[in-house]
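[1] Take a look and give me a structure for this.
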Amino acid sequence: MSASSRPADLNKAVVAITGAGSGIGRALAVQCAREGALLALSDIDEKGLQETVDYCRKMCPDVMSDRLDVGQRDEIYAWADKVNEHFGRVNVIINNAGVSLAASAEAMSDEDFSWLMDINFWGVTHGSRAFLPHLRASEWGHIINISSLFGLVSMPNQTAYNAAKFAVRGFSESLRMELLMSSDNVSISCVHPGGIKTNIVNNSKMGEQVGMQLSEAQQKKHFNTQLAKMTPERAAQIILTGMKKDRSRILVGSDAKALDLLQRTLPAKYQNIVVKIIGKMKNRIEKITAA
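    Take a look at the predicted model:
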């Protein structure tokens, strides 16, 4: 579907969002509500989800909400059918729900690896496939899959997260080509946010890491104060603008753009550069903490 044939805003569009209880998911829900969209919101965090719903209902006449564990395939497919039945159509599915795990490949447990992949990869792919028939049946449809900056470049101690986010990127780019070949009313965008002021790192699981002799508190503080530069609200604006322009890849933040350029410029050498940067960062944090 060409960008020119898309509506200029989301007024009366039916938008489904996973992970809507906080962060980017909440900001997307609020922005869509402001544009007049009808919302189907889900999250495993019922308290956070209700807070989002209460806020959106001040602007949106129809908000449905459900507790959803995107790590459970059957729950996703049942939710997709429920959303379509409630509204009679679906225009946008935003597969946003995700978790974080920082641990070396050797130290990470199989259980933690599977837990992350079930949510960050299978949650996205099942969400895409479950909603696709409903999107096709609507006048227009779009899938937004949230990958990451770490779906563009790899980082040490992020093997599980990198694996999932690279896989989301590969799935989304392949599906986009299939849609270009088979559909004139449905498209897909893959989103790569950099450091956003959300709780994903604060709520992350952390295990033994290679070359990172910093406490969990130190690592989280560094992310919150030095790396998370963009607000979720600004990220949501960039994502929705990219969707309306039917962009295949949506880069969110100057850090995402810079590291994407680094990877494309030095695809075989950027790993060595990243290792040096992380080493300097670790030393700087240690000095600040010791002072």
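
[2] Check the gap between the closest residue in space to L259 that isn't next to it in sequence and N84 for me.
    Distances taken as CB to CB, 6 or more residues apart in numbering put V153 closest to L259, at 4.9 Å, once the chain neighbours are dropped. Yep, even glycine has a C-beta here, placed from its N, CA and C like the rest. Separation of V153 from N84 (CB to CB, to the nearest Å) stands at 37 Å.

[3] Likewise for G98?
    24 Å.

[4] Have a look at those two and say which one is more surrounded.
    Between G98 and N84, counted using other CB atoms under 10 Å, the more crowded position is G98 (26 against 21).

[5] Show the contacting residues for the more buried one.
    Contacts for G98 (CB atoms under 8 Å, 6 or more residues apart in numbering) come out as 19, 119-120, 123, 146, 148, 200.

[6] give the contact list for the spatially closest residue to L68 that is not a sequence neighbour.
    Leaving aside its sequence neighbours, L68 sits nearest to S42 (CB to CB, 6+ apart; 3.6 Å). The neighbours of S42, taking CB under 8 Å, 6+ apart as the test, are 16-20, 49, 65-68, 70, 79, 97.

[7] do the same with C60
    C60 is in contact with 32-33, 36-39, counting by CB under 8 Å, 6+ apart.

[8] Which residue ranges of this protein form helices?
    Using DSSP state H, the helices of the chain run over 23-34, 46-56, 73-87, 110-117, 123-137, 159-182, 216-222, 232-244, 254-265, 270-290.

[9] so of those helices, which one's packed in deepest?
    Mean neighbours per residue, mean count of other CB atoms under 10 Å, is largest over these for helix 23-34, with a mean of 24.

[10] Using CSV, write out every CA atom in that one.
    Only the C-alpha atoms of helix 23-34 are listed here, as CSV (Å, rounded to 0.1, in the frame of the first residue of the first chain):
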residue,chain,number,x,y,z
GLY,A,23,6.7,3.4,28.1
ILE,A,24,6.4,3.5,24.3
GLY,A,25,3.3,1.4,24.3
ARG,A,26,1.5,3.9,26.6
ALA,A,27,2.7,6.9,24.6
LEU,A,28,1.6,5.3,21.4
ALA,A,29,-1.9,4.6,22.9
VAL,A,30,-2.2,8.2,24.1
GLN,A,31,-1.1,9.6,20.7
CYS,A,32,-3.5,7.4,18.8
ALA,A,33,-6.3,8.4,21.1
ARG,A,34,-5.5,12.1,20.5
